[in-house]
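J.: I'll drop the sequence and a predicted model, then ask my questions.
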Amino acid sequence: MIKQIAWTGLMLLSASTAVADTPATFMARYAQQAGVAVSALSPARGEALYRSEHPGQSSAAQSCASCHTANPKQAGQTRVGKRIEPLAPAANPSRFTDAAKVEKWFRRNCMDVLQRECSAQEKGDFIAWLNQIK
Amino acid sequence: MNTLLRGIGVLATVGTFSLLVFSLPSGGEARGDSGAGDVMPRLTHKAWQQECASCHLAYSPALLPRASWQRVMGGLDRHFGENASLDPATQADILHFLEANAADSGRSRMGDKVMQRMGANEAPLRITETRWFVREHDEVPRATWVRKSVGSAANCAACHRQAEKGLFNEHDVRIPK
């Protein structure tokens, strides 16, 4: 009985460590989905995506930087004034460690800014840029 | 004119009386809210706090009726101009919580107050459109809402400094410059 509990505990522990993600694991996954090598991900393209402005759904042009600010090491602000923790892992180590969260926000925010979902290549480039910010 | 004034007087008296009746502290504790008038019912729900509060204050379910929450949660991909879509399981979980504690659930005094001013078939999308909200804030000039430091009426915490804790006491209000 005790052995069984210990085993279950051990399995849960290993399962939870198995799903722990890092910026590097995301980059590897998105590169694979895009059918390119990780080395083919481009921080420069990632930065361009971050800063590019697009016509907004309602009025003014918007970009990722509209809410996350021009410097992703800084905290941003939602439209109703709530703090957004920094995007860059250098300033916020909890970024890009949770697959469900990362996918949720890419889906929502790409739809808001680009009016479409982002491709795996774009997501990989994006994280490649943020991850090399010191 | 005289009858009109008298009518208003009668209405005010009846209104005050019913407010008094509904404001009696008895029963408040049992329903999860304190005796004070400006306190949101104390509620905890993981997904509601995690998801809704990542962009804005986790607005109390007691501020809108069930029908409103159904409309809000049915249109998350176009949530006041933003995509706030959720996976179906989380969405259903949050809606269930909102419905169970909605203004018309009878579970909080705050909800009762909101419903006193709500038409039978009303299902506003915005808390700021409810007659309860409008009346509670009727002394705030229009220009104040759009100040940069406030942003919009959706930003409760700009003035209600204890809003995150569910406290909306009038004495804690500090309107920023």
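T.: Yep, it's here. Numbers count the residues shown, from 1 in each chain, chains lettered A, B, ... in the order given.
J.: which stretches of chain B have low pLDDT?
T.: For chain B, the stretches with pLDDT under 70 are B:1-38.
J.: ok, which stretches of it are strands?
T.: With strands called from DSSP state E, chain B shows none.
J.: tell me which residue is most central in it.
T.: With distances taken as Cα atoms, centre = their mean, the residue of chain B nearest its centroid is B:Leu63 (2.7 Å).
J.: residues in contact with that one?
T.: Taking Cβ atoms under 8 Å, 6 or more residues apart in numbering or on different chains as the contact definition, B:Leu63 lies against B:Met40, B:Ala103, B:Met110, B:Gly111, B:Val114, B:Ile127, B:Thr130, B:Trp132, B:Phe133. For every residue, glycine as well, the C-beta is placed using N, CA and C.
J.: B:Leu86 contacts B:Cys52, correct?
T.: No - in terms of Cβ atoms under 8 Å, B:Leu86 does not count as a neighbour of B:Cys52; the distance is 9.9 Å.
J.: identify the contacts common to the two.
T.: Contacts common to B:Leu86 and B:Cys52, judged by Cβ under 8 Å, 6+ apart, are B:Ile94.
J.: so how many other residues sit close to B:Cys55?
T.: Using other Cβ atoms under 10 Å in any protein chain shown, B:Cys55 has 19 neighbouring residues.
J.: and what of B:Ala92?
T.: Other residues lying near B:Ala92 total 13 when counted by other Cβ under 10 Å.
J.: cool, A:Lys101 as well?
T.: By the other Cβ under 10 Å criterion, the neighbourhood of A:Lys101 contains 15 residues.
J.: okay, and it sits in which element?
T.: Take DSSP states H and E as the rule and A:Lys101 turns out to sit in helix A:99-114.
J.: contacts for that helix next, please.
T.: By Cβ under 8 Å, 6+ apart, the residues outside helix A:99-114 that reach it are A:19, A:21, A:26, A:54, A:57, A:62-64, A:66, A:96, A:116-118, A:122-123, B:77, B:82-87.
J.: which parts of chain A are helices?
T.: Here chain A has its helices, by DSSP state H, at A:2-19, A:23-34, A:43-51, A:64-68, A:99-114, A:120-131.
J.: how about those in CSV, adding distance to B:Gly166 and mean pLDDT?
T.: CSV is the format used below for the helices of chain A (distance: least, Cβ to Cβ, whole Å; pLDDT from 0 to 100):
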stretch, distance to B:Gly166, mean pLDDT
helix A:2-19, 32, 55
helix A:23-34, 36, 98
helix A:43-51, 36, 98
helix A:64-68, 26, 96
helix A:99-114, 26, 96
helix A:120-131, 35, 98
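J.: packed most tightly, which of the ones you listed would that be?
T.: Ranked by mean neighbour count under mean count of other Cβ atoms under 10 Å in any protein chain shown, the helices of chain A are led by helix A:120-131, which reaches a mean of 23.
J.: what residues does chain A have near chain B?
T.: Contact residues, chain A versus chain B (Cβ under 8 Å from any Cβ of the partner chain): A:57-58, A:78-82, A:100, A:104, A:107-109, A:111-112.
J.: identify the farthest-apart pair in these.
T.: Using Cβ to Cβ, the residues of chain A next to chain B span at most 28.3 Å, a distance reached by A:Ser58 and A:Ala100.
J.: enumerate every residue touching the closest residue to B:Lys113 other than its chain neighbours.
T.: Using Cβ to Cβ, 6 or more residues apart in numbering or on different chains and skipping the chain neighbours, the partner closest in space to B:Lys113 is B:Trp132 (6.0 Å). By Cβ under 8 Å, 6+ apart, the contact set of B:Trp132 is B:Leu63, B:Lys113, B:Val114, B:Gln116, B:Arg117, B:Met118.
J.: what separation do you get for the fourth one and B:Gly81?
T.: It stands for B:Gln116. B:Gln116 is 31 Å from B:Gly81, where distance means Cβ to Cβ, to the nearest Å.
J.: rewinding a little: between the contacts of B:Leu63, which is nearest chain A?
T.: Nearest to chain A out of the contacts of B:Leu63 is B:Ile127 (Cβ to the nearest Cβ; 12.0 Å).
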